[in-house]
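>>> Kindly generate the corresponding structure for this input.
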Amino acid sequence: MELRQLRYFVAAARALNFSEASAKVNITQSTLSQQIRQLEDELGTQLFYRNSHSVKLTEEGERLLPLAIDTLNSAESCADAVKNIHGLVTGTLNIGVTYSFSPILTETMLEFMQRYPGIKLNVYYKTMAELLVMLSNYEVDFVLAFMPDNLRQEIESHILFDSHLAAIVNKDHPLARQPKAGIDDLRQYAIALPSPGLQARNAFDKLLGAYAGTQRIKVELNEVNILIQLVRHSQMVTVLAETSVYGNDDMRAIPIDIPGNKMAGSVLTLRGSYRKHATRTFIAMLTQSRAVLSRRNNWL
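The predicted structure is shown next:
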């Protein structure tokens, strides 16, 4: 049994499509099929049911999948541990980021790439639910997000800074001159909201409770940058974490004046997992960035 065979098996098991899996691991579909057949021959069991229409894991394949993921992660951790002895010269750092958190990240990314040009950064912008799955599958080294309401036991969180939901408007909007925005203020304007499932939308619906349905929702989008563009060029209001417009001088974030309006910017990691030198270094740099220091919550 070879690590590359386990890697090909995991790719196929996740995609349940040999064509997609082979593209992901940069080999031909015939090579992927051949390597998986060799793995099946060595194990003496069939790992996939496959026909011209579908691919499905057998019971043995389902049993092997978490073991294969753990084995691959252990092998990668061994390689990272050896590389770390020689410092941050080469390697890869995989970061998961929710959409509203992304403006906080730019400063640290630029500084990290300048200091450590041999480290490749892979940054994934996805929903919280998608990122937590990636974290559990060892596809990202850590996740930067606002603290979710419920975390699985294997995931631990560290608070970086405090934030809040805000009414996001352009600098010429009437709300831009107000220190706070209440429910009655929001009712006066058409609202463009992030789609259900995104962190800011979940927090907004929870915060407003029974009042959530009384707003004039004109647009729902799962792309935060487009939401901000719509608000930038109209009199609409959107509701996001105030950090979403960090660095945008033509936008304003007006705190929503409702009790319980608080969000915690956090680093999420797998409990007890090996942490790369690059992970520790990047997070330490992030805590010293201007974006975080202005909101810092001293957990370190």
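>>> in stretch 30-47, what's buried?
Within stretch 30-47, the residues scored as buried using 16 or more other Cβ atoms under 10 Å are L32, S33, Q35, I36, L39, E40, L47. Placement of C-beta: from N, CA and C, glycine included.
>>> Just give the closest residue to F161, not the sequence neighbours.
Leaving aside its sequence neighbours, F161 sits nearest to R295 (Cβ to Cβ, 6 or more residues apart in numbering; 3.5 Å).
>>> Poorly predicted segments of the stretch 51-200 of the chain, please.
By pLDDT under 70, the weakly predicted segments of the stretch 51-200 of the chain are 77, 79-89.
>>> For the stretch 151-300 of the chain, just list every one of the strands.
Taking DSSP state E, counting those that start in this stretch as the test, the strands found in the stretch 151-300 of the chain are 155-163, 165-170, 190-194, 216-221, 237-241, 251-255, 263-270.
>>> With distance to C78 and mean neighbour count as extra columns, can I get the ones you listed in TSV?
Shown next, in TSV, are the strands of the stretch 151-300 of the chain (distance: least, Cβ to Cβ, whole Å; neighbours: other Cβ atoms under 10 Å):
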stretch	distance to C78	mean neighbour count
strand 155-163	23	18
strand 165-170	43	26
strand 190-194	40	21
strand 216-221	43	14
strand 237-241	38	25
strand 251-255	45	20
strand 263-270	17	21
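>>> To L121, which of the ones you listed lies closest?
Nearest to L121, of all the strands of the stretch 151-300 of the chain, is strand 263-270, at 15.8 Å by Cβ to Cβ.
>>> which strands and helices sit next to the closest one?
helix 128-136, strand 142-146, strand 155-163, helix 277-287 (3 or more Cβ pairs under 8 Å, 6 or more residues apart in numbering; DSSP states H and E).
>>> For the third one, enumerate the helices and strands it packs against.
Other helices and strands packing on strand 155-163, by 3+ Cβ pairs under 8 Å, 6+ apart, are helix 128-136, strand 263-270.
>>> closest one to H158 among the ones you listed?
strand 263-270 (4.8 Å).
>>> Using CSV, write down the CA coordinates of the closest one.
What follows is strand 263-270, C-alpha atoms only, in CSV (Å, rounded to 0.1, in the frame of the first residue of the first chain):
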residue,chain,number,x,y,z
MET,A,263,-19.5,38.8,17.1
ALA,A,264,-16.1,37.3,18.1
GLY,A,265,-13.4,37.1,15.4
SER,A,266,-11.7,33.7,16.0
VAL,A,267,-9.1,31.2,14.9
LEU,A,268,-10.6,27.6,14.7
THR,A,269,-8.3,24.6,14.8
LEU,A,270,-8.6,20.9,15.3
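>>> got the angle between it and helix 277-287?
170 degrees (axes from the mean of the first three to the mean of the last three Cα atoms, to 10 degrees).
>>> Report the angle between strand 263-270 and strand 155-163.
Computed by the same axes, to 10 degrees, the angle separating strand 263-270 from strand 155-163 equals 160 degrees.
>>> Run through who's touching strand 263-270.
101, 104, 131-132, 135-136, 138, 141-147, 151, 154-165, 199, 203, 241, 243, 275, 279, 283, 286, 292, 295, 297 (Cβ atoms under 8 Å, 6 or more residues apart in numbering).
>>> now it, how far from the centre of its chain.
Distance, stretch centre to chain centre, for strand 263-270: 10 Å (Cα atoms, centre = their mean, to the nearest Å).
>>> and it, what's its mean pLDDT?
Average pLDDT, strand 263-270: 90.
>>> Quick check: neighbours of it in the sheet, parallel or antiparallel?
Partners of strand 263-270 in the sheet, by DSSP bridges, are strand 142-146 (antiparallel), strand 155-163 (antiparallel).
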